[in-house]
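>>> Quick one, fold the following:
(one chain, ligands or ions: 1)
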Amino acid sequence: MSGMYGAGAAWRHLRSDRSVVDNRITGATLRRVLGFARPHRRTIAVFLVLTVIDAAMVVVTPLLVQRVVDDGILKNDARLVTVLALAMAGVAVLNALLAVLGGWLSSKIGEGLIYDLRTQVFGHVQRQSLAFFTRTQTGALVSRLNNDVIGAQRAFTSTLSSTVSNTIAVLVVGIAMFALSWQVTLLCLAMFPILFGVSRFVSSKLAGLTRRQMDGNADLGNVMTERFNVGGAMLLKLFGRRGEEDALFADKAANVRDLGVRISLITRIFGAAMMLVPALATALVYGVGGHLAIDGTLTVGTLLALATLLLRLLGPLQGLSNVRIDVMTALVSFERVFEVLDLPSLVREKPGAVALPPTASRLEFDHVSFSYPRADDVSLASLETVARTESRDNGPVLHDISFVADAGQMIALVGPSGAGKTTVTHLVARLYDVNGGAVRVGGHDVRDVTLQSLEDTVGYVTQDAHMFHDTIRANLLYARPGASDEEIWQALEAAQVSTLVRALPDGLDTVVGDRGYRLSGGERQRLAIARLLLKAPSIVVLDEATAHLDSGSEVAVQRALDAAHAGRTSLVIAHRLSTVRNADQILVVQDGRIVQSGTHTQLLAQGGLYADLYRTQLVEDVPA
Ligand SMILES: Nc1ncnc2c1ncn2[C@@H]1O[C@H](COP(=O)(O)OP(=O)(O)OP(=O)(O)O)[C@@H](O)[C@H]1O
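Okay, the predicted model is just below:
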């Protein structure tokens, strides 16, 4: 085990970034890290005991060599030679067993820790407000969940065990060598500072280059993910920029290639130095020790034992010189994970929140004002595409919005682009919290009720009608896990999409979503309506598709929407004449304010903005 970790540590240290050592790690971080170790403390204790035994055994074989030569071979004692050889074999077997056991325990601790950290971060991120996701770069977040979590577990497995085993090995080997010949030992130790000097110099050079190479690789990755998703690939084709894209990519790839060659060269030089110093030290042992043997001060066996021990000192000494960087690198990973765990969600459930009754269906906006949260309140700069923190407030988006939708009523929102219609709908299910006034559902302020009950009461169909990359059945069951196939078909029927699903070769088992069966805009929206119908919320929020659909889909979508509205309170961002005609009340939103309200006939008679929108924006229905 010790040999394995010793060599690993030596190379890892070259790949680590020296700048991490400059980080200040607080006592609080350390305490928190230990908190993560607590559930695994028994396994860690056994693991450490094994590590200590394994490290201490490093000296056994060289000492056996000494006895074989001096007492066995040189004294012609064949029986002793056999016994000692068997003992050597026994030590080797024991070492192998310890390595397996140690590896198993180490992976149990490491993987257990990765599991703990991952599940905690996933749970925490899931509970962030929508604002967090609008700012955060998904790739950066996923990398935090993957790479940093793995970096953090290293603190508990390789770093911890290599530190313990290297310290023990250096102590035991050092003492054994001293006991065999203090003169030779001192001479050898004098050579090691040269090795450390070279190692430090090389690693400082390599750290910078490695970091540049990592950045270069990340850059390449970004270029590829941006270009190779459907949207990016399409843009690239439509603008005919293949030549420029080739050149851009080649340039970045060349940078990574050149850095790779330099890193490899420096690593080779370092490797050569690593081989040279021990080889010189071995020459020294045989040179000086050989003379002492001729004088009779040392036995031949002792000389051989010294030479063997010397080689076993190298790895652990190297490993110890890197401990600080290893520990700091692992702790920095922990800190980066904690950074995510410590980010509070802007939308939190209040202690003692009550469950909203499932029948709650009255929706009220009471003098609501709202501005989008500032970037530095909602996300980490390091997780954003262009890392920047804004300290200035976003301007208010909604001003003094008041309206009431009684149970079963339909409210339609109309207004120019950017007026704030979508923002109004986001406040109903607390995707964001209001800055002033209150949003009430069933008479309860939405901030006083449990998030789960609010989410159960309010259902959404958004314009993009997102589906997970999974089967139609799984996507629908997401709304109501226990639903039977019969209920699913009923919902599909009501949403006017059952014929389509029946016609698919795999029916309900057809995979949809980003990389699945390509549904048209209208089909996807109808599927989303089926999902909403299964969920059967008492309040629905709908964003009607703006795109012009062919007349067949248009009629189907209209019927599906009628099914969604039936018997429910609804808030609709309206783009269709039929919707505004049917609405109990139309709210005309402009620059975040309600500038007109009333029924279609009343508003048309009033003239003004609504009359303009009626002429320019609302889509004439296709007769059913
Ligand atoms: N996440 C956000 N952060 C900051 N500002 C935002 C955010 N989302 C929207 N806004 C701003 O809020 C204002 C209202 O946007 P909203 O999406 O509510 O308008 P809309 O009426 O739904 O427009 P459209 O009909 O074009 O969808 C816009 O000025 C927009 O730039």
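>>> And the closest residue to Ala78 other than its chain neighbours, how far from the ligand?
Nearest in space to Ala78, with sequence neighbours left out and distances taken as CB to CB, 6 or more residues apart in numbering, is Gly72 at 7.7 Å. C-beta here means a position set from N, CA and C on the backbone, and glycine is covered the same way. Separation of Gly72 from the ligand (CB to the nearest ligand atom, to the nearest Å) stands at 81 Å.
>>> Which residues of the protein lie near the ligand?
When proximity is defined by CB under 6 Å from any ligand atom, the chain lies next to the ligand at 134, 372, 394, 397, 415, 417-423.
>>> In the record's domain split, what are the boundaries for the protein?
With domains defined by automatic domain parsing, the chain comprises 2-341, 363-380+394-617.
>>> Would you tell me which one of these is buried the most?
Most buried of these by mean neighbour count (mean count of other CB atoms under 10 Å) is domain 363-380+394-617; its value is a mean of 18.
>>> Pop out the phi and psi values for Thr299.
phi -90, psi 160 (degrees, to the nearest 10).
>>> ok so, going back, least reliable of the domains of the chain going by mean pLDDT?
Lowest mean pLDDT of the domains of the chain: domain 2-341, a mean of 81.
>>> Verify the contact between the residue nearest to Ala78 and Met88 for me.
No: using CB atoms under 8 Å, Gly72 is not in contact with Met88; the gap is 11.4 Å.
>>> elements contacting the top helix by length along the chain?
In the chain, assigned by DSSP state H, the helix with the most residues is helix 242-295. Counting contacts by 3 or more CB pairs under 8 Å, 6 or more residues apart in numbering; DSSP states H and E, helix 242-295 packs against helix 2-15, helix 182-228, helix 300-321.
>>> cutoff 6 Å now
helix 182-228, helix 300-321 (3 or more CB pairs under 6 Å, 6 or more residues apart in numbering; DSSP states H and E).
>>> what angle separates the helix or strand just after the shortest one from helix 300-321?
So the one you mean is helix 300-321. Next along the chain after helix 300-321, taking DSSP states H and E as the criterion, comes helix 323-341. Relative orientation of helix 323-341 versus helix 300-321 (axes from the mean of the first three to the mean of the last three CA atoms, to 10 degrees): 30 degrees.
>>> Following element in sequence after helix 323-341, please.
Sequence order places strand 363-371 as the next helix or strand after helix 323-341, per DSSP H and E.
>>> With only the CA atoms kept, save that next one in CSV.
What follows is strand 363-371 as a C-alpha-only set of coordinates in CSV (Å, rounded to 0.1, in the frame of the first residue of the first chain):
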residue,chain,number,x,y,z
LEU,A,363,-56.4,33.8,-6.7
GLU,A,364,-55.6,37.3,-5.5
PHE,A,365,-52.9,39.8,-6.3
ASP,A,366,-52.9,42.5,-3.7
HIS,A,367,-50.9,45.6,-4.6
VAL,A,368,-48.0,43.5,-5.8
SER,A,369,-44.7,45.0,-6.7
PHE,A,370,-41.7,43.1,-7.9
SER,A,371,-38.1,43.4,-9.2
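>>> what residues does it touch?
With contact meaning CB atoms under 6 Å, 6 or more residues apart in numbering, strand 363-371 is reached by 394, 396-405, 434-441, 539, 569.
>>> do stretch 263-282 as well
Here stretch 263-282 makes contact (CB under 6 Å, 6+ apart) with 188, 191, 195, 198, 202, 205-206, 209, 307, 310, 314.
>>> same deal with stretch 529-547?
361, 363, 425, 428, 457-463, 476, 479-480, 483, 491-492, 494-495, 497, 521, 525, 560, 564, 568-576.
>>> Among the residues you listed, which lie within strands?
Per DSSP state E, strands hold the following members of the contacts of stretch 529-547: 363, 458-461, 569-573.
>>> Need the max-distance pair from these.
Leu363 and Val461 (16.1 Å; CB to CB).
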